[in-house]
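Engineer: need coordinates for the following:
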Amino acid sequence: MLRKTILGLGILLGTVLVALGQDPQYSQFYAAPLYLNPAFAGSAMAPRVNFNHRNQWPSLSANFVTSSLSADMYLERINSGVGLLITNDRQFSNLKTTDIGAIYTYHLKLSDGLSANLGVQGSYVSRSINFGDYIFADQIQSYLNGGGFPAYTNDPIVTGGFAPTIQYWDFSSGGIVYSERFWAGLSVHHINQPNQSFGNADAKLPMKIGVQAGYRIPLADYEIGNNLGSQIEKEKSLTPVVHYKHQGAFDQLDVGMYLTYSPLVLGAWYRGIPLKTYKKDNTTYLSNDAAVILIGYRQDNFSIGYSYDMTISSLGSSTGGAHELSLSYVFSDLFESKPKYRPRKAELRCPKF
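Structural biologist: Numbers count the residues shown, from 1 in each chain. Below is the predicted model of the structure:
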């Protein structure tokens, strides 16, 4: 146990000091639209609330737990969307990050069948670290010398200028172009590359660039764009999607397919970079991460989804994979008593999970 504690500290400090880590991720990326791309704010053309929860590597003590809550709506008078995104991330149970972001998106119609959204996001971020659960060398030495086990440490890691909590501002932007069946988006997070070091070292958060695209193929004879509300149970479609992201020395590709046979949605995709390899300890590994399966349910304005990541990397099945839950509700009936409400363009019809 002591060895694991010291090892965990080393991993944690490596993450904090070297800052080679990456952003938290969701396998159900379209179920977390504002987290994926700020240009999604207002894309439901009505008030919407989303909740996401992910537990990655639950079989390990050094796991990752991430939760997000978002709310957004479309403002017809100014042809814009606004949103609020709150994300809480916990790594190794001792490193915690809370991100509160405000989003503004402008919606424009490019042609009769083509629209675009351009969004910006400003976030206030708080990160905290707790060394209380770790054992340091001076505490061990005191115990071995017969002086008992001290409750506090004088290790320079803790006493040498480290701040247990830091705050900073973070800025992102994104854009989406879409039609009734196709969409393509580009997002850029951490444009200002904020310093997230707890000490005097410079540990900038690398900029993250994401590309999202998909195409929805109808499998039944119904009019696309007219299957909302009471008609949603008629949707039968197949939707291939791709999602690529690059951050620092890290890049990743999600490619897969959604099958919608309302009210059920099934999904499966691969995460990794096919044929790409990396070397570690003179051994070559394929850049494979996980295979993901999803089952979702959509009824009227409500959606719920569950997905499981099966680890196919060198970490193996001992990690426990990752469990993820998503919930969404669109308050489209708020405008039923207001006949003047007429969205200028159609809802962005990408998957809900």
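
Engineer: distance of residue 200 from residue 130?
Structural biologist: Going from residue 200 to residue 130 by CB to CB, to the nearest Å gives 20 Å. For glycine as for every other residue, the C-beta is placed from the backbone atoms N, C-alpha and C.

Engineer: more crowded one of those two?
Structural biologist: residue 130 (13 against 9; other CB atoms under 10 Å).

Engineer: and that one, how far is that from residue 198?
Structural biologist: Distance of residue 130 to residue 198, given as CB to CB: 11 Å.

Engineer: which residues do the two both contact?
Structural biologist: residue 164 (CB atoms under 8 Å, 6 or more residues apart in numbering).

Engineer: do a quick rundown of the strands in the stretch 51-200 of the chain.
Structural biologist: Here the stretch 51-200 of the chain has its strands, by DSSP state E, counting those that start in this stretch, at 64-75, 80-91, 95-111, 114-129, 165-178, 182-189.

Engineer: which among those strands is found nearest to residue 295?
Structural biologist: Closest approach to residue 295 among these (CB to CB): strand 64-75, 20.3 Å.

Engineer: in its sheet, what does the closest one sit against?
Structural biologist: Strand 64-75 pairs in its sheet with strand 48-56 (antiparallel), strand 80-91 (antiparallel), by DSSP bridges.

Engineer: tell me which residues in it are buried?
Structural biologist: For strand 64-75, a neighbour-count test (16 or more other CB atoms under 10 Å) marks 64-74 as buried.

Engineer: okay, now residue 202: neighbour count?
Structural biologist: Residue 202 has 9 neighbours, counted by other CB under 10 Å.

Engineer: now swap in the one 5 residues further on and tell me
Structural biologist: For residue 207, the neighbour count with other CB under 10 Å is 15.

Engineer: for the one 4 residues further on, same thing?
Structural biologist: Residue crowding around residue 211 was assessed by other CB under 10 Å; the count is 15.

Engineer: if you skip the residues just before and after it, what's nearest to it?
Structural biologist: Once flanking residues are discounted, residue 211 sits nearest to residue 244: 4.6 Å by CB to CB, 6 or more residues apart in numbering.

Engineer: how about the secondary structure of residue 39?
Structural biologist: Under the three-state scheme (DSSP: H, G, I helix; E, B strand; the rest coil), residue 39 adopts helix.

Engineer: could you do residue 30 as well?
Structural biologist: Following three-state DSSP, residue 30 is assigned to helix.

Engineer: distance-wise, check the residue nearest to residue 29 when sequence neighbours are not counted relative to residue 23.
Structural biologist: Nearest residue to residue 29 in three dimensions, chain neighbours excluded: residue 36, at 4.9 Å (CB to CB, 6+ apart). Distance, residue 36 to residue 23, using CB to CB: 11 Å.

Engineer: these two: who's more crowded?
Structural biologist: Between residue 36 and residue 23, residue 36 has the larger neighbour count (other CB under 10 Å), namely 23 against 19.

Engineer: give me the pLDDT for the more buried one.
Structural biologist: Here, the pLDDT recorded for residue 36 equals 98.

Engineer: give the bridge partners for residue 128, please.
Structural biologist: Beta-bridge pairing of residue 128 under DSSP bridges involves residue 96, residue 165.

Engineer: state the number of residues packed around it.
Structural biologist: Residues near residue 128, counting by other CB under 10 Å: 15.

Engineer: is it true that it touches residue 165?
Structural biologist: Yes: using CB atoms under 8 Å, residue 128 makes contact with residue 165 at a distance of 4.4 Å.

Engineer: hang on, the earlier thing: residue 262: which of the strands paired with strand 64-75 is closest?
Structural biologist: Across the strands paired with strand 64-75, closest to residue 262 is strand 48-56 (CB to CB), at 18.6 Å.
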